[in-house]
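Visitor: Everything below, folded, please.
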Amino acid sequence: MSDATLPEHAREAGARVAERFMRRSDYAHSYTNDLALEGLLWWGASAGDRSCAAFVRKVMTGFRGWTPGQGLTWRANPFTLLHVQWFLFTGERDWIAGFVEDAERCRREVARSSDGGAAFVYRPETGRIFVDMLQQYASRMAFAGRLSGDVSFYKEAVAQYELQRNALRDPATGLWSQGRGWGPTPDFVSPLGWLRGQGWVLRGMVDVLSFLPADSAHAEPMRRMLAEFASDLLRWQDRRGMWHQVPHRANSYQETTGTGLFVHALFRAVAQGFLPAEPYLAAAERGLKALCGFVSADGTVLNGSFGCGPLFEEEDYLHRPAPPGDAHTPGTTLLACAAPALFGAGHAFLKALLS
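Guide: Predicted structure coming up:
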């Protein structure tokens, strides 16, 4: 891909965020660091900057001391799939050696809620479901199906989204709760609407569809869920192009990590034919331009919500701190800034990645 396909605001903001992240000294294995490394892979490919992939390799093999296959296990990676992204961008299959076997162990060993939902890995005995984990679990299953040809992995990926949609989606707003079972009773559903939670949901939907064969019997229900959710999300985009920390509460702050995840996923969904260009491409472009306005001159991204598990009151989400440079912001912003390059030559590049 070439940076000629990137608008100037995305090219400049992405370069500042990438430079700042690569000047850090702590790249230990954490999901926020891995999310940023995923973002660097996308950014480097979109901007034609080979130093980004070289940097990711240095972190994995140098700082962390990984060799191919290490750091892969599902219990150690509940939210991200850096090994999969590395393989897609480099073609180095040895980094995903054992992936299918680990996915099978995951499907077999993961705790389940009373209705069969894949439960969060911490305190699994509670059977708590959690959209942050849903998106990774479903993507893991779908990619295992892509590698193995075993359609039961596709079935599991889509079934989890259908189950958790039924448990967590509010029909009035179209927004999803962050989780169920985190409150006083196993059936307590957390207040709906935390923005980054919506971003995780959308990211997972697009990833799953990317790995499903287009003619798969499981692709159509996933497409329907994506179309429903994307339409609902557009209701809550503000005039500037941003989405808010609690999307249906206009008095909550404009939040960058969820907006970044939306922008990336919407660009991808249009480029891959999962959503029509109208109205989603314009919404993604508006969101990206607005998001870039929250990137400071030194590459710090503002207005990124501090992390949290599912909370008990909507007001708790409304007032969640948003410190400058929150650890979730580099990856989500880089993913967004890279996304316009999916069109033109970028679209062909993406198709090659997933072939």
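Visitor: CA atoms for contacts and neighbours, from now on please.
Guide: Will do.
Visitor: Quick check: the gap between the residue most central in space within the chain and residue 312.
Guide: For the chain, the residue nearest the mean C-alpha position is residue 203 (4.0 Å; Cα atoms, centre = their mean). According to Cα to Cα, to the nearest Å, residue 203 and residue 312 sit 24 Å apart.
Visitor: One more: residue 74?
Guide: Distance, residue 74 to residue 312, using Cα to Cα: 28 Å.
Visitor: how about residue 167, what does it touch?
Guide: Counting by Cα atoms under 8 Å, 6 or more residues apart in numbering, residue 167 makes contact with residue 180.
Visitor: what secondary structure does it sit in?
Guide: Under DSSP: H, G, I helix; E, B strand; the rest coil, residue 167 falls in the helix class.
Visitor: Skipping its backbone neighbours, what lies nearest residue 66 in space?
Guide: residue 60 (5.5 Å; Cα to Cα, 6 or more residues apart in numbering).
Visitor: For residue 74 and residue 312, work out which one has more neighbours and name it.
Guide: residue 74 (22 against 16; other Cα atoms under 10 Å).
Visitor: Contacts only, for that one.
Guide: With contact set as Cα under 8 Å, 6+ apart, residue 74 has these partners: 102-103, 106.
Visitor: So it versus residue 109, what's the distance?
Guide: For residue 74, the distance to residue 109 - Cα to Cα - is 10 Å.
Visitor: go on, residue 103?
Guide: Taken as Cα to Cα, the spacing of residue 103 relative to residue 109 amounts to 10 Å.
Visitor: quick one: which of the two has more around it?
Guide: residue 103 (21 against 10).
Visitor: Sticking with that one, tell me its helix or strand.
Guide: Residue 103 is part of helix 99-109 when elements are defined by DSSP states H and E.
Visitor: Name the strands paired with the helix or strand following that helix and say parallel or antiparallel.
Guide: Using DSSP H and E, the helix or strand that follows helix 99-109 in sequence is strand 129-130. On the basis of DSSP bridges, the sheet neighbours of strand 129-130 come out as strand 179-180 (antiparallel).
Visitor: how close does the residue nearest to residue 174 when sequence neighbours are not counted get to residue 170?
Guide: Nearest residue to residue 174, sequence neighbours excluded (Cα to Cα, 6+ apart): residue 232, at 5.2 Å. To residue 170, residue 232 is 11 Å away according to Cα to Cα.
Visitor: Regarding stretch 50-63, how distant is the last residue from the first?
Guide: From start residue to end residue, stretch 50-63 stretches across 19 Å - Cα to Cα.
Visitor: Just the buried residues of it, please?
Guide: Residues of stretch 50-63 classed as buried by neighbour count (16 or more other Cα atoms under 10 Å): 52-53, 55-57, 59-60.
Visitor: can you check stretch 110-118 too?
Guide: In stretch 110-118, counting by 16+ other Cα under 10 Å, buried: 110-113, 117-118.
Visitor: pLDDT averaged over that stretch - what is it?
Guide: If you average the pLDDT over stretch 110-118, you get 96.
Visitor: burial of residue 25, as a residue count?
Guide: The number of residues packed near residue 25 is 8, by other Cα under 10 Å.
Visitor: what about it, which SS state?
Guide: Once three-state DSSP is applied, residue 25 turns out coil.
Visitor: And it, how close does it get to residue 44?
Guide: Between residue 25 and residue 44 the distance is 20 Å, computed by Cα to Cα.
Visitor: swap in residue 172?
Guide: Residue 172 sits 40 Å away from residue 44, going by Cα to Cα.
Visitor: Okay, now the unreliable bits of the stretch 1-150 of the chain?
Guide: 1-4 (pLDDT under 70).
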